[in-house]
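S.K.: here is a sequence with its predicted model. Questions after.
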Amino acid sequence: MEKIYTIPVNEAFEASAEDKACGCPFCTLYNKLEFNEIDAILGAAMMEPDIRIETNKKGFCKDHFDIMFGYKNRLGLGLILESHLGENHAAAFPHGLSSLMGKDGNKKLSEMTKSCYVCDKIEYHFSRMIDTMVLLYVEFMDFRKKFEAQPYFCLPHYSRMMEYAKVKMPKKVYTDFEKVAKSIEESYYTELNEDVSWFCKKFDYRFEDEPWKNSKDAVERAIKFLRSDLHTMKNKK
């Protein structure tokens, strides 16, 4: 019986199984989480005191600042920045009693540059989605069919998935899982390598009259495979 927390994972794997252009299902899940978090932080959640405390403390990474800046809600972003800058000013640049007590402003500034409210929220939910994928593979044969039909997994998510599955899956199930996952990944790796090689050859005059085959977007696909296809909202700006 499908539970509410399994729906997003099932939908992402179904979409990639039916349309290879959807690519890595984990990238799809990440991007959906990212959209939901940013939509919320610039919307109804913006004025909630507990969330504002967290955004003041953590701030945002460059990618998520860029995405929020691309929204039409500049006032909402401005209010978040006003609060974030104001709350952290005294801690980052201590004067008077704070400085006498040895408060380390440099440490605070360093923490601010390394943390991101949206990244942390995504990671919290994303790790549970990997856990859900493992659960579905272990318990449901119909999900295994969806898994077998995947076009590929980007390398960062593939690596994380395999490490997690090795710990969480029963050994017998993992043996089958590993075989299927490696087959998917190696097949796509080989295909992509051939496409990139052919793309490069097409710039040699000896091959200029040859068809492009499946290589015109090989460079873009290789980057998505090697580094994930994330922050699609930013890419659409």
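M.R.: Here it is on my side, so go on. Residues are numbered from 1 along each chain as shown.
S.K.: what's around the closest residue to residue 45 other than its chain neighbours, how many residues?
M.R.: In this structure, residue 45 finds its nearest non-sequential neighbour in residue 51, 5.0 Å apart by CB to CB, 6 or more residues apart in numbering. Using the backbone N, CA and C atoms, a C-beta is placed for each residue, glycine as well. Using other CB atoms under 10 Å, residue 51 is surrounded by 17 other residues.
S.K.: and the gap between residue 51 and residue 117?
M.R.: Separation of residue 51 from residue 117 (CB to CB, to the nearest Å): 8 Å.
S.K.: identify the contacts common to these two.
M.R.: Residues touching both residue 51 and residue 117 by CB atoms under 8 Å, 6 or more residues apart in numbering: residue 41.
S.K.: need the pLDDT of the most centrally placed residue in the chain.
M.R.: By CA atoms, centre = their mean, the chain has its centre lying nearest to residue 30, at 3.9 Å. pLDDT for residue 30: 98.
S.K.: state the distance from it to residue 89.
M.R.: When residue 30 is compared with residue 89 (using CB to CB), they lie 33 Å apart.
S.K.: residue 129 too?
M.R.: 37 Å.
S.K.: also residue 215?
M.R.: 53 Å.
S.K.: ok, these two, which is more surrounded?
M.R.: Legend: neighbour count by other CB under 10 Å for residue 215 and residue 89, higher for residue 215 (19 against 11).
S.K.: which ones are touching that one?
M.R.: 195-196, 198-199, 202.
S.K.: so how far is the helix or strand containing residue 192 off the chain centroid?
M.R.: For residue 192, the element it lies in under DSSP states H and E is helix 171-201. Centroid displacement of helix 171-201 relative to its chain, using CA atoms, centre = their mean, to the nearest Å, is 21 Å.
S.K.: can you start the count at 154 instead of 1 from here on
M.R.: Renumbered: residue one is now 154, and that last one reads helix 324-354.
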